[in-house]
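Peer 1: Return atomic coordinates for the entry below.
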Amino acid sequence: MSPLLPRTGTRTGTRAGTRSARLALAATAVAVVSALTLTACSGSSDDRGGADATVRVGLVLEPTSLDIRKQSGAALDQVLIDNVYQGLVGRTADGEIRDVLASRHEVSADGRTYTFTLRKGTTFQDSKPVTAADVVWSLQQVKDDAGYVDSAKLAGVTSISSPSDGVVELRLAKPDSDLLFTLTGRAGLVLEQAARNDLSDSANGTGPFEVSSWKQGDSLTFSRNDDYWGTEPKVAKIVFRYITDPSTAVNAMANGDLDVLNPVDGTLQGQLQGNPDIALHRGRTTDKYTLAFNDSRAPFTDVRVRKAIRQAIDPKALIKAIGGTGVEQGGPIPELDPGYEDLTAIDAYDPANAKKLLAEAGKPDLDLTLTYANVYPATIGDVLKSQLADVGITLKVERVDFATWLSQVFQDKDFQLSMVDHVEARDFGNWANPDYYFGYDNAEVQALYAESLAATSETAKVEALRKAARIVSEDAAGEWLYTATEITAVRTGVTGFPVDGGNSRLDLSKLALG
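Peer 2: This is a model prediction of the structure:
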């Protein structure tokens with residue numbers, strides 16, 4: 001599919017005239033994509049700084065579509081949210097709620113009414129003003145269309161309305177302690193009701209940057225939104241280069257072809273250490289490298305098999321093999337999320353007992369297939385294959401492209417074992433959803449999760465989540481290999497690039513190249 005770019009080009013003249021000029025330049029933008037990419041991949045940061053700078057960012061996972069409504073996968077959230085699309089509220093790097101398109105918000109004492117006052121002067125990238133009608137329409141579309149990502153997260157909202165000019169009100173059947181956080185993500189993004197652009201390859205958001213070109217298989221380019229309602233971005237362009245091979249990515253950073261690389265493969269970080277023009281930053285994440293069991297299918301319907309697999313895996317050895325870029329997790333909630341508890345003692349590494357459990361289950365010699373995306377290191381599959389072999393499990397490893405993983409594993413649930421980095425914060429609800437690709441169905445966990453959502457105090461919420469997470473871990477619903485610690489390489493002169501949680505969100509509104 002060739003990118004269609006109905007909202008690209010250089011802004012000149014008044015707001016009324018700029019959009020027509022940019023539409024006329026769309027075809028030209030497509031024609032020069034390659035030239036832009038080549039230009040962006042050469043030269044040092046020393047001679048490219050200032051307000052007209054282009055910052056070149058190396059990433060791993062490329063979107064398969066730009067449709068922020070229907071395309072699953074964290075690759076879209078990573079670059080489009082905050083930069084191109086925004087909602088009434090957003091989140092800080094620490095997970096705190098901040099007002100964005102809303103100037104303020106209020107929550108009723110009973111937790112069932114949320115009132116947002118819209119910020120004055122906000123506009124879409126086609127220069128049209130953001131209205132309460134756009135907000136109501138955007139949220140209602142997500143709620144009503146089950147095909148939209150995160151639609152289910154608005155299921156508890158009973159009405160979305162604008163009771164007065166510039167005000168939006170959400171009413172709930174019962175309290176939802178995650179609602180504000182939900183609105184910082186896909187479900188809360190505000191789109192223009194009158195826009196007719198194809199979301200699969202273009203965007204018309206309210207953020208500081210616009211999608212100006214997309215060369216699939218290579219790069220995605222953002223241009224500064226010169227009419228941005230907020231603080232003007234400090235760089236003219238950002239070019240995201242998608243490089244799946246870790247060695248190629250590190251070489252590009254070392255050779256000066258990138259200004260930022262996120263993440264740096266832990267086993268290759270030594271190639272960048274000592275470079276006076278590059279700083280390596282270690283950041284905290286909610287990246288949960290999860291070994292998923294297809295819990296609804298044999299042999300994973302037997303808890304003894306699930307526990308055996310967990311006890312056969314040595315997370316410390318795996319973390320060492322990937323270069324030390326991780327910490328043990330032990331359960332479904334990472335340290336940065338509400339409800340975290342150190343559960344690493346549950347089903348800890350014990351290969352001798354793993355063998356006993358397999359024998360008790362009548363599976364002393366078990367053949368399994370691990371299917372995971374080839375954007376993740378082959379080292380992970382190699383280590384798991386070796387460790388499981390030690391307890392009598394023969395593991396066949398199949399690494400597939402990410403699009404195949406999405407269709408085969410995530411959508412069709414056609415797998416035995418899979419491994420993926422679940423980057424999203426506060427996503428414990430996946431374990432309370434029997435329709436999710438894990439296939440895990442536990443009524444007590446579902447009840448506790450519902451209790452956490454209905455809680456009107458943080459203490460009650462956290463307590464319910466802790467209880468639920470412990471049950472999931474004790475039930476060996478999956479194996480949580482590690483929480484990633486992310487290494488980001490940043491070239492001298494680059495400032496404002498987030499180093500915490502970069503796999504899930506990259507708010508580049510403060511990015512600069514001096």
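Peer 1: What are the boundaries of the helices in the stretch 151-300 of the chain?
Peer 2: With DSSP state H, counting those that start in this stretch as the criterion, the stretch 151-300 of the chain has helices at 179-183, 246-254.
Peer 1: Report all helices and strands that the shortest one contacts.
Peer 2: Taking 3 or more Cβ pairs under 8 Å, 6 or more residues apart in numbering; DSSP states H and E as the contact definition, the neighbouring helices and strands of helix 179-183 are strand 89-91. Every residue, glycine included, has its C-beta placed from N, CA and C.
Peer 1: Partner strands of the strand it packs on, with direction?
Peer 2: When pairing is defined by DSSP bridges, strand 89-91 lines up against strand 97-99 (antiparallel).
Peer 1: next SSE after the strand it pairs with?
Peer 2: Next helix or strand after strand 97-99 toward the C-terminus (DSSP states H and E): strand 102-107.
Peer 1: Can you give the contact residues for that following strand?
Peer 2: Strand 102-107 has contacts (Cβ atoms under 8 Å, 6 or more residues apart in numbering) with 88-89, 99, 113-120, 168, 180.
Peer 1: buried ones in that strand?
Peer 2: 102, 105 (16 or more other Cβ atoms under 10 Å).
Peer 1: for stretch 423-441, same thing?
Peer 2: Within stretch 423-441, the residues that qualify as buried are 423-433, 436-441, counting by 16+ other Cβ under 10 Å.
Peer 1: Same check on stretch 299-310?
Peer 2: By 16+ other Cβ under 10 Å, the buried positions in stretch 299-310 come out as 299-300, 302, 304-310.
Peer 1: Show me where the stretch 51-200 of the chain has its strands.
Peer 2: With DSSP state E, counting those that start in this stretch as the criterion, the stretch 51-200 of the chain has strands at 54-59, 89-91, 97-99, 102-107, 113-118, 157-164, 167-172.
Peer 1: What's the mean pLDDT across the last one?
Peer 2: It stands for strand 167-172. Strand 167-172 shows a mean pLDDT of 98.
Peer 1: Starting from that strand, tell me which strands it pairs with and how they run.
Peer 2: Applying DSSP bridges, one finds strand 167-172 paired with strand 113-118 (antiparallel), strand 157-164 (antiparallel).
Peer 1: do the first one as well
Peer 2: Strand 54-59 has these partner strands in its sheet, going by DSSP bridges: strand 237-242 (parallel), strand 260-261 (parallel).
Peer 1: Quick check: Asp94 vs Arg284, distance?
Peer 2: As for Asp94, its distance to Arg284 is 10 Å (criterion: Cβ to Cβ, to the nearest Å).
Peer 1: out of the two, which sits in the more crowded spot?
Peer 2: Ranked by neighbour count (other Cβ atoms under 10 Å), Asp94 and Arg284 place Arg284 first, with 18 against 9.
Peer 1: Whichever of the contacts of strand 102-107 end up buried, select them in PyMOL.
Peer 2: Command for PyMOL that selects the buried part of these, burial taken from 16+ other Cβ under 10 Å:
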select buried, resi 88+89+114+115+116+117+118+119+168+180
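Peer 1: Just name the closest of the contacts of strand 102-107 to Asp401, please.
Peer 2: Nearest to Asp401 among the contacts of strand 102-107: Val89, at 35.0 Å, using Cβ to Cβ.
Peer 1: Across the sheet, point out what pairs with the closest one.
Peer 2: Beta-bridge partners of Val89, as defined by DSSP bridges: Asp99.
Peer 1: so who does it touch?
Peer 2: 97-100, 102, 105, 116, 180, 183-184, 188.
Peer 1: Apply 6 Å and report the result again.
Peer 2: 97, 99-100, 180, 183-184 (Cβ atoms under 6 Å, 6 or more residues apart in numbering).
Peer 1: For those, give me JSON lines that also has pLDDT and distance to Gly270.
Peer 2: Below are these laid out as JSON lines (pLDDT from 0 to 100; distance: Cβ to Cβ, whole Å):
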{"residue": "Ile97", "pLDDT": "96", "distance to Gly270": "39"}
{"residue": "Asp99", "pLDDT": "98", "distance to Gly270": "43"}
{"residue": "Val100", "pLDDT": "98", "distance to Gly270": "40"}
{"residue": "Leu180", "pLDDT": "97", "distance to Gly270": "42"}
{"residue": "Leu183", "pLDDT": "98", "distance to Gly270": "42"}
{"residue": "Thr184", "pLDDT": "97", "distance to Gly270": "37"}
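Peer 1: Next, give me the two most distant ones among these.
Peer 2: Greatest spatial distance among these (Cβ to Cβ): Val100 and Leu180, at 11.7 Å.
Peer 1: Spatially, what comes nearest to Gly331 if we skip its sequence neighbours?
Peer 2: Take Gly331 and drop its neighbours on the chain: the residue closest to it by Cβ to Cβ, 6 or more residues apart in numbering is Leu343, 3.5 Å away.
Peer 1: Now do the SS call for the one you found.
Peer 2: Under the three-state scheme (DSSP: H, G, I helix; E, B strand; the rest coil), Leu343 adopts coil.
Peer 1: is it true that it touches Gly330?
Peer 2: Yes - under the criterion of Cβ atoms under 6 Å, Leu343 makes contact with Gly330 at 3.9 Å.
Peer 1: Specify the helix with the largest residue count in the chain.
Peer 2: When the chain is parsed with DSSP state H, its longest helix is helix 458-474.
Peer 1: now for it, which elements pack on it?
Peer 2: Secondary-structure packing of helix 458-474 (3 or more Cβ pairs under 6 Å, 6 or more residues apart in numbering; DSSP states H and E): helix 443-454.
Peer 1: outside of the helix it packs on, which residues touch it?
Peer 2: 174-178, 432, 461, 464-465, 467-468, 471-472.
Peer 1: got a winner among those residues for most neighbours?
Peer 2: Counting neighbours by other Cβ under 10 Å, Ala468 leads the contacts of helix 443-454 with 28 neighbours.
Peer 1: Near the nearest residue in space to that residue that is not next to it in sequence, how many other residues are there?
Peer 2: Closest residue to Ala468 apart from its sequence neighbours, by Cβ to Cβ, 6+ apart: Leu448 at 3.8 Å. Neighbour count for Leu448, taken as other Cβ under 10 Å: 24.
Peer 1: And for Glu328?
Peer 2: If we define neighbours as other Cβ under 10 Å, then Glu328 has 17 of them.
Peer 1: what's the span of stretch 180-187 from first residue to last?
Peer 2: End-to-end distance for stretch 180-187, by Cα to Cα, to the nearest Å: 10 Å.
Peer 1: Show me how far it is from its chain's centre.
Peer 2: When distances are taken as Cα atoms, centre = their mean, to the nearest Å, stretch 180-187 is centred 13 Å away from the chain's centroid.
Peer 1: And stretch 176-187, by the same measure?
Peer 2: 14 Å.
Peer 1: Over to it now: how far is its first residue from its last?
Peer 2: Stretch 176-187 has its terminal residues 14 Å apart, counting by Cα to Cα.
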